[in-house]
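Asks: structure, please.
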Amino acid sequence: MAGRLDETAAAELHALAMEGMAPAFWARRQPDKTAVYEMSGPTRTFGGLNANANRIARLMREHGLAPGDAVALVCPNRAEFADVLFGCQRAGLRMTPVNWHMTPDEIAYVIDNCEARALFADAAVPGLDKAAAQCPDLKVKVAIGGPLEDFLDYEAALASQSGEDIADPVRGHTMLYSSGTTGRPKGVYKPNAPVPTYDPAYQDDDVHFCTGPAYHASPMAGDVRKALVNGVPTVLLDRWDNEKVLAAIARHRVTRSHFVPIMFQRLLGLPEEVRTRYDLSSLRRISHGAAPCPPEVKQAMIEWLGPVLFEYYAGSEGGVGFWVTSQDWLKKPGTVGRRPDPEAAKILDEAGNELPPGVPGAIYMRLADQGGFEYFKDSAKTDAGRRDGYFTMGDVGYFDEDGYLFLTGRSAETIIVGGVNIYPQEIDNELIKHPAVADSCTVGVPHEEYGEEVRAVIELAPGYAPSEALKDEILAYARTAVAKYKVPRGVDFVERLPRSEAGKIQRNRVRAPYWEGRARAI
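Replies: Numbers count the residues shown, from 1 in each chain. Have a look, this model is predicted:
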């Protein structure tokens, strides 16, 4: 069983995991054990998951896909996400999970940019037929959960294939998109990234809870892939609901999960009588990251649930093992973890000089720890964040004397709203198309619940004057051009936006007044 494997079995699982075949191990040992729960109940056993993964691998080969080809998956949290993930993993395919909250045009861009030859898509996502029509290189399209024109039906397509283990597995990998600071999203290409394998820390009664969208890096890696590789069931949340989350933890006796700070804030906002209604004593480990957590929020969560919070610092590009337990965090409030070794990460000034403890600078992490990565088809962006074998995600911070990392700021090119990264240049590229807009600079401004909210700062074209009606008009235009979660929540007008002599918008200067007087600018 998971967490109780002897040396021989652990070695077997490790070898199978390296080929994308870990579910085959559990299909033999515990075929009838539930692997995936949706909120409506159990939907996949380990035997069923493994069989579907084999069917998907065969289906892709039947349609001419070979190792190295790409598959796009547009799918909310449902069991088919795991089917496709593990099917691609054993067929040598590069699978890109797509944010299904985006507009059809944005979805089409990712499908096309990742060079997908196959598309699995949930029929309930609006505009998918429009998105797929913009991608002529697709060899096969499969609709999940309902019909779509010119798509194969998921259940019928899989029923035509054998569920027996494929004889010649080839390890595949995933490529997530981390939106570019100068425009469209960029794929983080990591073919040699570390692979989740056997973890002896798991126990027989462990149950994961995937609270966030599985297309995000941490939920997919931890609550779906790593859990299932280790024979641990996962519960997939379809949409956030405070009390529904507590009820699911109690009902399934959840032991592990991943949260972002906005989730903590919402749960803490529940009345005391609701919070105490549910038995949460099964929880042993809650990982959290993706956005800064206000110290008072984390303190309150530890007081409520006990020392089960484990904070990490990383990104889609990877990390170097920054973790902090509840106990260590209480000794050093605000830290995101300790540097695992002196060369794992560095704090550098603009000239590339390493800074001493206590002095903030750009955070650079050792590239080799990620297995190497590049931004897909964007060598300029890849090179821009590199220095002598290290890379940066644009964050600013410092190490204390004991090697603990504290974040103090972030590149203004990233807005984090409730744990979701939003890249302002994408929004500016659309706002500038409005006839009243001469120049646009979108920034993140403080928000008590979400940490930040999106604000558009606009320089008007000649002949236009600031007004509430014009603000509403610009916002209405934005709603037609970008995904709902990227739409600015407000507009401010200025006479002139600052640009450098080279013409680059000076976003930090625009952002700074909104954060003036705050201890943290993130």
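
Asks: C-alpha only now, for contacts and for neighbours.
Replies: Fine.

Asks: tell me where the model's unsure across the chain.
Replies: 1-3, 179-183, 291, 320, 370-371, 409-413, 419, 500-504, 519-522 (pLDDT under 70).

Asks: mind listing the helices for the stretch 401-522 of the chain?
Replies: 424-431, 468-481, 507-515 (DSSP state H, counting those that start in this stretch).

Asks: most tightly surrounded among these?
Replies: Of all the helices of the stretch 401-522 of the chain, helix 424-431 has the most neighbours on average by mean count of other C-alpha atoms under 10 Å, namely a mean of 22.

Asks: among the helices of the stretch 401-522 of the chain, which is nearest residue 147?
Replies: In terms of C-alpha to C-alpha, the element of the helices of the stretch 401-522 of the chain nearest to residue 147 is helix 468-481, at 26.1 Å.

Asks: in the biggest helix by length in the chain, what's buried?
Replies: As assigned by DSSP state H, the longest helix anywhere in the chain is helix 46-62. For helix 46-62, a neighbour-count test (16 or more other C-alpha atoms under 10 Å) marks 46-60 as buried.

Asks: next one: stretch 314-333
Replies: Those would be 314, 316-326, 328-330, 332-333, for stretch 314-333 by 16+ other C-alpha under 10 Å.

Asks: stretch 207-217 too?
Replies: Quick answer for stretch 207-217 (16+ other C-alpha under 10 Å): 207-217.

Asks: including distance to residue 237, could the residues you listed go into JSON lines?
Replies: Output for the buried residues of stretch 207-217, formatted as JSON lines (distance: C-alpha to C-alpha, whole Å):
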{"residue": "207", "distance to residue 237": "13"}
{"residue": "208", "distance to residue 237": "11"}
{"residue": "209", "distance to residue 237": "7"}
{"residue": "210", "distance to residue 237": "6"}
{"residue": "211", "distance to residue 237": "5"}
{"residue": "212", "distance to residue 237": "7"}
{"residue": "213", "distance to residue 237": "8"}
{"residue": "214", "distance to residue 237": "10"}
{"residue": "215", "distance to residue 237": "13"}
{"residue": "216", "distance to residue 237": "14"}
{"residue": "217", "distance to residue 237": "16"}
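
Asks: dump these into TSV; add secondary structure and distance to residue 172 as well.
Replies: Shown next, in TSV, are the buried residues of stretch 207-217 (DSSP: H, G, I helix; E, B strand; the rest coil; distance: C-alpha to C-alpha, whole Å):
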residue	secondary structure	distance to residue 172
207	coil	26
208	strand	24
209	strand	25
210	strand	23
211	coil	25
212	coil	24
213	coil	21
214	coil	18
215	coil	17
216	coil	18
217	helix	16
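
Asks: could you look up the SS state of residue 118?
Replies: strand (DSSP: H, G, I helix; E, B strand; the rest coil).

Asks: just the endpoints, please. Distance across stretch 8-24?
Replies: 16 Å (C-alpha to C-alpha, to the nearest Å).

Asks: so how far is that stretch from its chain's centroid?
Replies: 25 Å (C-alpha atoms, centre = their mean, to the nearest Å).

Asks: what's the answer for stretch 276-287, then?
Replies: 23 Å.

Asks: same question for stretch 313-329.
Replies: Using C-alpha atoms, centre = their mean, the offset of stretch 313-329 from its chain centre is 15 Å.

Asks: returning to that earlier point: as JSON lines, the helices of the stretch 401-522 of the chain with distance to residue 130 would be great.
Replies: Formatted as JSON lines, those follow (distance: least, C-alpha to C-alpha, whole Å):
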{"stretch": "helix 424-431", "distance to residue 130": "20"}
{"stretch": "helix 468-481", "distance to residue 130": "15"}
{"stretch": "helix 507-515", "distance to residue 130": "34"}
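
Asks: looking at the ones you listed, which is closest to residue 174?
Replies: helix 424-431 (23.6 Å).

Asks: stretch 452-469: which residues count as buried?
Replies: In stretch 452-469, counting by 16+ other C-alpha under 10 Å, buried: 452-460.

Asks: so which of the residues you listed sit within strands?
Replies: 452-460 (DSSP state E).

Asks: okay, and which of the buried residues of stretch 314-333 map to helices?
Replies: 326, 328-330.

Asks: let's have those residues in TSV, adding distance to residue 118.
Replies: As requested, these are arranged in TSV below (distance: C-alpha to C-alpha, whole Å):
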residue	distance to residue 118
326	43
328	46
329	45
330	48
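
Asks: quick check, nearest of those to residue 310?
Replies: The nearest one, if we look at those relative to residue 310 and count by C-alpha to C-alpha, is residue 326, at 6.2 Å.

Asks: need the nearest residue in space to the closest one, chain neighbours excluded.
Replies: residue 307 (5.0 Å; C-alpha to C-alpha, 6 or more residues apart in numbering).

Asks: ok, the one you found to residue 331 distance?
Replies: Residue 307 is 12 Å from residue 331, by C-alpha to C-alpha.

Asks: do residue 441 as well
Replies: Distance from residue 441 to residue 331, by C-alpha to C-alpha: 40 Å.

Asks: wait, what's in contact with residue 445?
Replies: 452-455, 511, 514-515 (C-alpha atoms under 8 Å, 6 or more residues apart in numbering).

Asks: try it again at 6 Å.
Replies: 452-453, 514 (C-alpha atoms under 6 Å, 6 or more residues apart in numbering).

Asks: circling back to that earlier point, dump the ones in strands among the buried residues of stretch 452-469 into JSON lines; add distance to residue 133 as well.
Replies: Below are those laid out as JSON lines (distance: C-alpha to C-alpha, whole Å):
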{"residue": "452", "distance to residue 133": "35"}
{"residue": "453", "distance to residue 133": "33"}
{"residue": "454", "distance to residue 133": "31"}
{"residue": "455", "distance to residue 133": "33"}
{"residue": "456", "distance to residue 133": "32"}
{"residue": "457", "distance to residue 133": "35"}
{"residue": "458", "distance to residue 133": "34"}
{"residue": "459", "distance to residue 133": "36"}
{"residue": "460", "distance to residue 133": "36"}
